[in-house]
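Task: produce atomic coordinates for the following.
(2 chains)
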Protein chains: 2
Amino acid sequence: MRLSRYFLPVLKETPSEAQIVSHRYMLRAGMIKQASAGIYSWLPLGFKVLKKIENIVHEEQQRAGHIPMLMPTIQSADLWRESGRYDDYGEEMLRITDRHNRDMLYGPTNEELITDIFRAHVGSYKDLPLTLYHIQWKFRDEIRPRFGVMRGREFYMKDGYNFDVSKDAALHAYNRHLVSYLRSYERMGLQAIPMRADGGPIGGDYTHEFLVLADTGESEVFYDSAVTDLTFGDRDIDYDDVAQCQAVLEEFTSRYARTDETHDEALFNAIPEDRRRTARGIEVGQIFYFGTKYSEAMGATVQTADGKSVPVHMGSHGIGVSRLLGAIIEASHDDKGIIWPESVTPFHCGIVNLKQGDAEADAACDALYQSLTALGLDPLYDDRSERAGGKFATMDLIGLPWRITVGPRGLKNGVVELTSRRTGESEEMTPEMAVEKVAKIYAPRASM
Amino acid sequence: MRLSRYFLPVLKETPSEAQIVSHRYMLRAGMIKQASAGIYSWLPLGFKVLKKIENIVHEEQQRAGHIPMLMPTIQSADLWRESGRYDDYGEEMLRITDRHNRDMLYGPTNEELITDIFRAHVGSYKDLPLTLYHIQWKFRDEIRPRFGVMRGREFYMKDGYNFDVSKDAALHAYNRHLVSYLRSYERMGLQAIPMRADGGPIGGDYTHEFLVLADTGESEVFYDSAVTDLTFGDRDIDYDDVAQCQAVLEEFTSRYARTDETHDEALFNAIPEDRRRTARGIEVGQIFYFGTKYSEAMGATVQTADGKSVPVHMGSHGIGVSRLLGAIIEASHDDKGIIWPESVTPFHCGIVNLKQGDAEADAACDALYQSLTALGLDPLYDDRSERAGGKFATMDLIGLPWRITVGPRGLKNGVVELTSRRTGESEEMTPEMAVEKVAKIYAPRASM
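Here you go, the predicted structure:
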């Protein structure tokens, strides 16, 4: 994309309403614009990152054997009356009356709707295991929305639902989700630690939240520092292998790691003192096995192999897709702006022309742009007639991981400059080598 | 995908509520399930087609230089009061009150919100031309939703908005949209005829609707049969070339083609009698230049090169993405089911194992599945223990364009059968040749 033809309304001033760094940078980098309280328009740059995160979530869910679909945003109140949650949900539910005076609502989550689909179509253990998921806009009418997309009212979430014939089978689905979530967050350059969560009124041991450590996190967290040494890496996993998935669960959840909601001082103090950590965290996902709560209330049963009719065992598993943009920025920025991980960067690299209008510089930039594009890469070429300082500031603010700087002086020696946003280090090389190097950096991503 | 692991709830009975063929087949093929009146869940098969259509729209819009972004579904009533449409819109607007008693609404369209973004960020002719678009869920509270996704209440739409410094520049944007729409529909296997539309209270000559001819269409249409001979084909187009785009507009809109809303009997009768046609059509898109209606009401101005401040010239341009599934099925089916064009088919081909459990047949199917997948194709392998008749009926119903049938008898001679859904013709060949042939059929798509 040529910047002169793009829509990238960067702000020079720091907007006063933004209290945390991710919100500030998303506004300043022209990624979002508030439409009303807690509701945002995703401007082109923000939309690109949102799509990249969404794609990673889709790929990892499908790798785990989970099936994508899409439920609507507006739901009938009737299903929520069946489950008993219509009255329980309180003011965070956006309630709507349609022109025929029917009670509707903007879905904050989809347990009822997916259970209704299941009971209409599935009746036998032979059709299980089954995990359906979707990525769809949700609405929660927060009393005080804040922190930009981190605690908005309209937000984009992946929510998946497993249906299994027994508790054991459902716990394998739980483990599959844990593994797929670890992989998803790592691909986004995040370390998200599974922490024992509060099961709420249902209770139970089978719920974990995934937290990214960040000073601006809304939760206080307590953990054994050994958990931050764990990485999933590129190990192979067979999602059908019960023992393999269970081993990952044990590896990642056997050490102490809890939020203030479930914190147990005695257990925490049993950790060797030099490994005890207190910090703040941002919740970016949650997995939850809740058994037959909805299937019993709504009559979602299956025939077992013995011909018995049993309520299906379910769980629900969520990833906060739009919130992840905020979490990634909180975890990866400096005082000049955002530093995108390569896997979610809106453009693969920037091209800065130091002297727009200089025939040689323009030609070199055009050639770089075309070479990168021909290799399937997506560069952002700053072809505006601005001074170099302004161009660098924009590139630093929007956080592309790599920048190629082209100027008449370098070109005289046949070189351009390749700069890493993360380290700030620059290296001179021929334009061809710069293209080759950038292509190599992104090559492994394509096959991930 | 192996069918035994998929969620494809086909129905044997024809649902009584479905009055038109696309609605019937979408329900029977397990593509959608009604959630409430005029609101649907997209089951996995339907979701796949929806995404393919969405991707074609994205590709063609970006090819035309239009920039993707995303606006929220819930909007504040304030902007609609500024434009004057809040009171005008009537009962089709889903009006919502949030917990703080603020008037909100579920966006039926986005002129106000995009104009608000524009006026906040753009002030100079130098930033023009600019066309922003998004593909987002909309809601119109139809009094009598019907025909499945063809006239639903919650629907998925691409809506784009051009901003230009003058009427001439805006008309070029209008033409760019016309060209990109012709390309988009043709890629989906549809002939959509641009017909002169009714400008409503704004009036004006600059609006066309795109109609697909189908007996079940909601509009009566009148046209010169010469328009159905036109195809855009794979001609090259430079979207920046004003004359080229204007020539396409003239080629495709100079013959008589109108809906009943704008029909002019005298003009129609001037067509040679043997070319006069009356038919029914489904509206799948509309382009509209409306000048300064919103920019004047909302104060969206730009500085011209002479330093004058002028209201920006705008147009809005829509494609009914979810409705297109219905339109494609209306245009392409037979009495056994859907016949998907290759460009939007949910799976590239089906594999039918005539004797599940037979070691040789199972191995041959597995090998086919793996070869196709390795080539980047997405086959649906019916690996269930059902009789052949049931498997064929399912494949015909869901409409995959190609089917490979594998049975012990054929394998004895080293052959499988490749069948075209459209023609019904079958050909025997080695499994390797079947893979090669299917790969060749889809090869051009990948580069489109």
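
longest strand of chain A?
strand A:276-291 (DSSP state E).

buried ones in it?
A:277, A:279-291 (16 or more other C-beta atoms under 10 Å in any protein chain shown). C-beta here means a position set from N, CA and C on the backbone, and glycine is covered the same way.

From residue A:355, how far off is the closest residue to residue A:358 other than its chain neighbours?
The shortest distance from residue A:358 to any non-neighbouring residue, by C-beta to C-beta, 6 or more residues apart in numbering or on different chains, is to residue A:408 (5.4 Å). Distance, residue A:408 to residue A:355, by C-beta to C-beta, to the nearest Å: 5 Å.

More neighbours: these two, which one.
residue A:355 (18 against 13; other C-beta atoms under 10 Å in any protein chain shown).

need the contact list for the more buried one.
Residue A:355 makes contact with A:361, A:407, A:408, according to C-beta atoms under 8 Å, 6 or more residues apart in numbering or on different chains.

Show only the entries of those residues found in helices.
Using DSSP state H, the subset of those located in helices is A:361, A:408.

Looking at the contacts of residue A:355, which is nearest chain B?
Closest approach to chain B among the contacts of residue A:355 (C-beta to the nearest C-beta): residue A:361, at 20.7 Å.

Does the closest one touch residue A:407 like I think?
Yes. Counting by C-beta atoms under 8 Å, residue A:361 touches residue A:407, with 6.2 Å between them.

Mutual contacts of the two, please.
Counting by C-beta under 8 Å, 6+ apart, the residues touching both residue A:361 and residue A:407 are A:353, A:354, A:355.

count of neighbours near the first one?
The reference is to residue A:353. Neighbour tally, residue A:353, other C-beta under 10 Å: 27.

close enough to count as contact, it and residue A:361?
Yes. Counting by C-beta under 8 Å, residue A:353 does reach residue A:361; the two are 5.5 Å apart.

Name the residues contacting each of those two.
A:406, A:407.

just the helices in the stretch 151-300 of chain A please.
A:167-187, A:242-253, A:265-269, A:293-298 (DSSP state H, counting those that start in this stretch).

Tell me which of those helices sits most buried.
helix A:167-187 (a mean of 23; mean count of other C-beta atoms under 10 Å in any protein chain shown).

roughly how far is it from the heart of the chain?
Computed by C-alpha atoms, centre = their mean, to the nearest Å, the chain-centroid distance of helix A:167-187 equals 16 Å.

Check stretch A:12-31 too.
For stretch A:12-31, the distance to the chain centre is 20 Å (C-alpha atoms, centre = their mean).

which residues of the stretch 201-350 of chain A score low on pLDDT?
Flagging of the stretch 201-350 of chain A using pLDDT under 70 yields the residue ranges A:201-204.

got the phi/psi numbers for residue A:302?
Backbone torsions of residue A:302, given as degrees, to the nearest 10, read phi -130, psi 160.

Can you give me the end-to-end span of stretch A:37-50?
Terminal residues of stretch A:37-50 lie 20 Å apart, using C-alpha to C-alpha, to the nearest Å.

oh sorry, the question was meant for stretch A:345-352
Terminal-residue distance, stretch A:345-352 (C-alpha to C-alpha): 17 Å.

Taking the stretch 101-250 of chain A, what residue is nearest to chain B?
Counting by C-beta to the nearest C-beta, the stretch 101-250 of chain A gets nearest to chain B through residue A:121 (3.7 Å).

what does the domain assignment say about chain A?
A:3-338, A:349-442 (the TED database).

Indicate which one of the ones you listed is closest to residue B:157.
Comparing these by their distance to residue B:157 (C-beta to C-beta), the top pick is domain A:3-338, with 13.7 Å.

Let me have the helices of the stretch 151-300 of chain A in TSV, extended by distance to residue B:326.
Shown next, in TSV, are the helices of the stretch 151-300 of chain A (distance: least, C-beta to C-beta, whole Å):
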stretch	distance to residue B:326
helix A:167-187	34
helix A:242-253	41
helix A:265-269	57
helix A:293-298	30
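
hang on, the residue of the stretch 101-250 of chain A closest to chain B packs against residue B:10?
No. In this structure residue A:121 lies outside contact range of residue B:10 using C-beta under 8 Å: 9.6 Å.

shared neighbours of those two, which are they?
With C-beta under 8 Å, 6+ apart, residue A:121 and residue B:10 have common neighbours residue B:30.

if I've got this straight, residue A:137 is in a strand?
Yes. The assignment for residue A:137 is a strand, going by DSSP: H, G, I helix; E, B strand; the rest coil.

and the gap between it and residue B:316?
22 Å.

I'd like to know how far residue A:381 sits from residue B:235.
Residue A:381 is 28 Å from residue B:235, by C-beta to C-beta.
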